[in-house]
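Quick one, fold the following:
(4 chains)
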2 protein chains.
Amino acid sequence: MSRRAPTIRDVAVLAGVSVATASNVVNGNRPVGEESRWRVTSAISALGYRPNRLASALRARSSRLIGMVVPDITNVFFAGLIHGIEEHAAESGYDLVLVSSGEDEATERRRIEALIDRQIDGLLVVPTTDASILPLREGRRASLMPPTVLLDRGFGAPGFDTVGAECAAGAYAATQHLIELGHRDIAVLGHSIHQANISARIEGYRRALDEASLGARARLCVAGHGLDSLRGAIDQELYRADRPTAIFALTNVAALAAIKAVRALGLDIPGDISVLGFDDFDWMCALRPYLTTVAQPVEEFASCSWRLLMQRISGVAELPEIRIELPCTLKVRESTGPARVRIRAVAGT
Amino acid sequence: MSRRAPTIRDVAVLAGVSVATASNVVNGNRPVGEESRWRVTSAISALGYRPNRLASALRARSSRLIGMVVPDITNVFFAGLIHGIEEHAAESGYDLVLVSSGEDEATERRRIEALIDRQIDGLLVVPTTDASILPLREGRRASLMPPTVLLDRGFGAPGFDTVGAECAAGAYAATQHLIELGHRDIAVLGHSIHQANISARIEGYRRALDEASLGARARLCVAGHGLDSLRGAIDQELYRADRPTAIFALTNVAALAAIKAVRALGLDIPGDISVLGFDDFDWMCALRPYLTTVAQPVEEFASCSWRLLMQRISGVAELPEIRIELPCTLKVRESTGPARVRIRAVAGT
DNA sequence: TTGAAAGCGCTAACAC
DNA sequence: GTGTTAGCGCTTTCAA
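Numbering: from 1, shown residues only, chains lettered A, B, ... in the order given. This is a model prediction of the structure:
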């Protein structure tokens, strides 16, 4: 029943050659004679030999394993990222070890260490906060860390290659779109300020407001990562007498929270209040109204970060950190419309 | 810069003990004296030693790596599954190697072989079709295969532990719900018949129809896995003069396809046509109308399959295959309503 | 309670 | 073009 799996030694013996030759026909590291090659290949199929990747990784000092860390797998944006990366990995003969940090810095730290212990060849991280992965570079293990690329968050973190979106520009365009529709009271809804991408989005929002001399009307709703937390924050804003006429949600989860909150109040989108989201995915088109959103280039995120990582692993890339910033696209759809003129607003203007 | 990482030998030397003792304090496999333990722990922290999991896995014949194979990571149902499994894995000290089969049998096969080569301790698969993983059990590698649990699809496959939903019952309840609302022309939309779960859903649908003496009116729309393919199939059905008054979508992707198709025709849900879906996730509540759906117990899928896998790995479970079937929940919401009485239908009845 | 030593299965020098 | 051999870093007998 549980017969020992054949090793390369078994192959060599059956083929009547040395293990080196057997190894060479398997890996093609050295030329092998026609005769030997044939004997080895037939021995391999006769025995049903399969190489032990653990042993080969240990010896060759290359596991062809890439660690990937995301805050939450169920977030459609991260799921898209994982999908893209996994595809590239498969093409390049790598496998992905996927771990979730659950938006917790300590967990993230611990799990990354565990991945490094597994001798991964590279690391792809969507860090919990901009600062969370910094200690890894500074610690004793600095020189022993595998090539690492930070995605989405942590843009520009010193010591790391980073791939992110042009968040400020995207948010600027989105806010401008709302202003052009006549909105003057635009609330932004998002989580943690401790992330470069989120603060960049807020910055873009502020800039657009400032340019329209609306700077004083900025309304920031900041909450935790969860849907409920975001929902609570926007609820509070909506219950105010002078509630906003538009909500700019800075993440896809925030957009969902905003929609739920607005719906719960029986308000119409965009009749009573406009909602503008972030990220884009299949299901959004089933929403009524179809959500106006700032789409991030998920595919490009995946391909750029993968390319960067491969360059680092092969030692091609030069020393200084590389930062790649990808453009967002404002997708104007149905959830944003002209601002409803409110009595108070009319009187006030 | 690239100093060699300290090994357990370095630790032993610095602590003035043997490697065996150092190993034992790291792993606790054997009792170690107070004095030795202290010397080793301080040597470890002095050197910043971290064990090489590759080497330990090779020697101990246990990688603490679980392979997970899904058809498509971006499908919210599978994403939820991955999330749940990853959580359990983390708790138990395992890591997940995630691969996507892309609904392709050959790819699935190839990637599973690669996972086995990595000496994974267990395998969790949502197979492309019911038959796709069977050859693995039959092949020469049969005895060399790691414990494997099939999820969602492949229920009851010989030689495998399987975890699935009570699809027939769920679909029966859903269809009955539609019949009670007065629907007599109910189309089902789904992909591949070659999956036990899908055919069970169809069976449940048929049974409900039969019991209402509506068996002759069964309408099957079968398509490929893609959104577009499903969309095409349901479009065809909707363009018929006697189009259905209700659509029962057998997967979440099918539900999305149905919604898009109905919308494109300018029809109202549920006024003109009812839509009933499968699976349930956060974003559905942002849909207008909120989708009536058959929810599968994703969390339980994850916990049951994990428990089963752990039992097999530890050799606790007895020999015969185990099948676990989890109940679905019909969530009646807004997308299903009374059947609109059509002229033709009135005349016909 | 501890140590010495034999490998796990493989690759890469180094020889020929 | 091929073989011999020394490890990769670790765990685990076996003996003390």
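
Flag every residue of chain A that's near DNA strand C.
A:4-5, A:7-9, A:19-20, A:23, A:26-27, A:29, A:51-52, A:55-56, A:58-60 (Cβ under 7 Å from any atom of the strand). The way it works is simple: take the backbone N, C-alpha and C, and place the C-beta from them, glycine included.

Double-check that residue A:294 belongs to a strand.
Yes - assignment of residue A:294 by DSSP: H, G, I helix; E, B strand; the rest coil places it within a strand.

show me the contacts for the residue nearest to it when sequence neighbours are not counted.
Spatial nearest neighbour of residue A:294, chain neighbours left out: residue A:170 (4.3 Å); criterion: Cβ to Cβ, 6 or more residues apart in numbering or on different chains. Applying Cβ atoms under 8 Å, 6 or more residues apart in numbering or on different chains to residue A:170 gives the contacts A:201, A:204, A:278, A:294, A:296, A:327-330.

at 7 Å what do you get?
A:204, A:294, A:328, A:330 (Cβ atoms under 7 Å, 6 or more residues apart in numbering or on different chains).

Throw those residues into CSV and include distance to residue B:320 and secondary structure, thanks.
Shown next, in CSV, are these (distance: Cβ to Cβ, whole Å; DSSP: H, G, I helix; E, B strand; the rest coil):
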residue, distance to residue B:320, secondary structure
A:204, 61, helix
A:294, 54, strand
A:328, 55, coil
A:330, 58, strand
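
which among these gets closest to DNA strand C?
residue A:328 (43.0 Å; Cβ to the nearest atom of the strand).

Now do the contacts for that closest one.
Residue A:328 neighbours (Cβ under 7 Å, 6+ apart): A:165-166, A:169-170, A:294-296.

List the buried residues of stretch A:278-290.
Within stretch A:278-290, the residues that qualify as buried are A:278-289, counting by 16 or more other Cβ atoms under 10 Å in any protein chain shown.

Check stretch A:289-301 too.
By 16+ other Cβ under 10 Å, the buried positions in stretch A:289-301 come out as A:289, A:291-298, A:301.

How about stretch A:59-67?
Quick answer for stretch A:59-67 (16+ other Cβ under 10 Å): A:63-67.

List, out of those residues, those positioned next to chain B.
residue A:63 (Cβ under 7 Å from any Cβ of the partner chain).

Looking at the buried residues of stretch A:59-67, point me to the pair that's furthest apart.
A:64 and A:67 (12.0 Å; Cβ to Cβ).

Just to be sure, which of the buried residues of stretch A:59-67 are found in strands?
Taking DSSP state E as the definition of strands, these contribute A:65-67.

out of those residues, who's nearest chain B?
residue A:65 (7.6 Å; Cβ to the nearest Cβ).

Tell me how many other residues crowd the residue nearest to the closest one when sequence neighbours are not counted.
Nearest residue to residue A:65, sequence neighbours excluded (Cβ to Cβ, 6+ apart): residue A:120, at 4.8 Å. Under the neighbour criterion other Cβ atoms under 10 Å in any protein chain shown, residue A:120 is assigned a count of 27.

go on, residue A:316?
For residue A:316, using other Cβ under 10 Å, the count is 8.

And for the one 4 residues further on?
When neighbours are counted by other Cβ under 10 Å, residue A:320 registers 7.

Is it in a helix, a strand, or coil?
Per three-state DSSP, residue A:320 ends up coil.

what's the distance between it and residue A:38?
50 Å (Cβ to Cβ, to the nearest Å).

what do you get for residue A:7?
Taking Cβ to Cβ, one finds residue A:7 at 20 Å from residue A:38.

which of those two has more neighbours?
Between residue A:7 and residue A:38, counting by other Cβ under 10 Å, residue A:7 is the more crowded of the two (16 against 13).

Which of the buried residues of stretch A:289-301 scores worst on pLDDT?
Of all the buried residues of stretch A:289-301, residue A:289 carries the smallest pLDDT score, 90.

so who does that residue touch?
Residue A:289 makes contact with A:269-270, A:333-335, according to Cβ under 7 Å, 6+ apart.

Which residues of the stretch 201-349 of chain A lie near chain B?
A:227, A:256, A:259-260, A:282-283, A:285-288.

rerun at 6 Å
Contact residues, the stretch 201-349 of chain A versus chain B (Cβ under 6 Å from any Cβ of the partner chain): A:256, A:259, A:283, A:286-288.

In strands only, show me those.
Per DSSP E, these never map to strands.

List just the nearest of the residues you listed to residue A:104.
Ranked by distance to residue A:104 (Cβ to Cβ), these are led by residue A:256 at 21.6 Å.

For that closest one, which non-adjacent residue is closest in space?
By the measure of Cβ to Cβ, 6+ apart, the closest residue to residue A:256 outside its immediate chain neighbours is residue B:286, 5.6 Å from it.

hang on, the earlier thing: taking the contacts of residue A:328, tell me the two that lie furthest apart.
Of all pairs drawn from the contacts of residue A:328, the greatest distance, 12.8 Å, lies between A:169 and A:295 (Cβ to Cβ).

Now render the residues of the stretch 201-349 of chain A next to chain B as TSV, adding pLDDT and distance to DNA strand D.
TSV is the format used below for these (pLDDT from 0 to 100; distance: Cβ to the nearest atom of the strand, whole Å):
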residue	pLDDT	distance to DNA strand D
A:256	96	45
A:259	96	51
A:283	91	46
A:286	88	51
A:287	89	52
A:288	87	57
